[in-house]
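Chemist: return a 3D structure for these sequence lines:
(chains A and B)
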Amino acid sequence: QKEVEQNSGPLSVPEGAIASLNCTYSDRGSQSFFWYRQYSGKSPELIMSIYSNGDKEDGRFTAQLNKASQYVSLLIRDSQPSDSATYLCAGYNNAGNMLTFGGGTRLMVKP
Amino acid sequence: DVKVTQSSRYLVKRTGEKVFLECVQDMDHENMFWYRQDPGLGLRLIYFSYDVKMKEKGDIPEGYSVSREKKERFSLILESASTNQTSMYLCASSWTRDGQPQHFGDGTRLSIL
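Modeler: Predicted coordinates for the structure are as follows:
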């Protein structure tokens, strides 16, 4: 079983809608989580970091962490076609020394 | 901004060649990583290093070696390239402090013919 799990998608949303991307993790002691955006043929780009329970907002992006349920989510408001990409969730293990990536969710925003 | 620079965006080599992929970061990060990424397989960790002259095997080290002679530079070496090493190679770096994100270079798309 992978330590960080994501639905591979594709997740298709219309332009202007809210895209909701989810990630679950198995290491209950994990503390730090990150969302990366990866366009086709490009490298992953860090877009959000979240370290504590609750929500963290940055522009159109909101990251949510629920340690009790062991899930992390990313909400993208007012989705644009330029948001179409694969989104990778990553989390550190309990010891804080190994970052594990999920397989990524492909998001398609249709005009 | 963090800058991680990989020496080549595209590289074509022949089977049996020794291949060097270079990575340089400008943020004085202690940690550096090499991944490969293939469709359907996600990111797979090849090797990483927590300090100069230190190296640790990742999940798929077979057929690869690394070198870290200076803090800012981490090299991946394919000792004798094979066609199954055709892939996108990604270098990343991070601070040692717990919970710090990794920052990626632009990647090298390597084709072994």
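
Chemist: do a quick rundown of the strands in chain B.
Modeler: B:4-6, B:10-13, B:19-25, B:31-38, B:42-49, B:56-57, B:64-70, B:73-78, B:87-94, B:103-104, B:108-112 (DSSP state E).

Chemist: enumerate the residues of chain A near chain B.
Modeler: For chain A, the residues in contact with chain B (Cβ under 8 Å from any Cβ of the partner chain) are A:31-32, A:34, A:36, A:41-46, A:49, A:51, A:88, A:90, A:92, A:96-97, A:99, A:101-104. Every residue, glycine included, has its C-beta placed from N, CA and C.

Chemist: rewinding a little: of all the strands of chain B, which one is nearest A:N22?
Modeler: Smallest distance to A:N22 across the strands of chain B (Cβ to Cβ): 16.5 Å, for strand B:42-49.

Chemist: how about the contacts made by residue 105?
Modeler: Here I'm looking at chain A. Taking Cβ atoms under 8 Å, 6 or more residues apart in numbering or on different chains, we find A:T105 in contact with A:6-11, A:21-22, A:86-87, A:89.

Chemist: not quite, I wanted chain B
Modeler: A:43, B:4-6, B:23, B:90-92.

Chemist: try it again with 6 Å
Modeler: Applying Cβ atoms under 6 Å, 6 or more residues apart in numbering or on different chains to B:G105 gives the contacts B:4, B:6, B:23, B:91.

Chemist: can you report how many residues lie near the second one?
Modeler: The reference is to B:Q6. When neighbours are counted by other Cβ atoms under 10 Å in any protein chain shown, B:Q6 registers 20.

Chemist: the residue nearest to B:T5 when sequence neighbours are not counted pairs with what?
Modeler: Leaving aside its chain neighbours, B:T5 sits nearest to B:V24 (4.9 Å; criterion: Cβ to Cβ, 6 or more residues apart in numbering or on different chains). Beta-bridge partners recorded for B:V24 (DSSP bridges): B:T5, B:R73.

Chemist: go ahead and confirm B:V24 touches B:F74.
Modeler: No. Judged on Cβ atoms under 6 Å, B:V24 makes no contact with B:F74 at a distance of 8.1 Å.

Chemist: inside helices: which ones of the residues of chain A next to chain B?
Modeler: With helices taken from DSSP state H, there is no overlap with these.

Chemist: out of these, which are buried?
Modeler: Among these, the ones that count as buried by 16 or more other Cβ atoms under 10 Å in any protein chain shown are A:31-32, A:34, A:36, A:43-44, A:46, A:49, A:88, A:90, A:92, A:99, A:101-104.

Chemist: hang on, A:C23 packs against A:Q70?
Modeler: No. Using Cβ under 6 Å, A:C23 makes no contact with A:Q70, being 9.6 Å away.

Chemist: between those two, which one's more packed in?
Modeler: Between A:C23 and A:Q70, A:C23 has the larger neighbour count (other Cβ under 10 Å), namely 25 against 15.

Chemist: and the more buried one, how far from chain B?
Modeler: As judged by Cβ to the nearest Cβ, to the nearest Å, A:C23 and chain B stand 13 Å apart.

Chemist: what does A:Y39 give?
Modeler: Taking Cβ to the nearest Cβ as the criterion, A:Y39 is separated from chain B by 11 Å.

Chemist: who's the residue nearest to that residue when sequence neighbours are not counted bridged to?
Modeler: Closest residue to A:Y39 apart from its sequence neighbours, by Cβ to Cβ, 6+ apart: A:A85 at 4.9 Å. According to DSSP bridges, the residues that bridge with A:A85 are A:L107.
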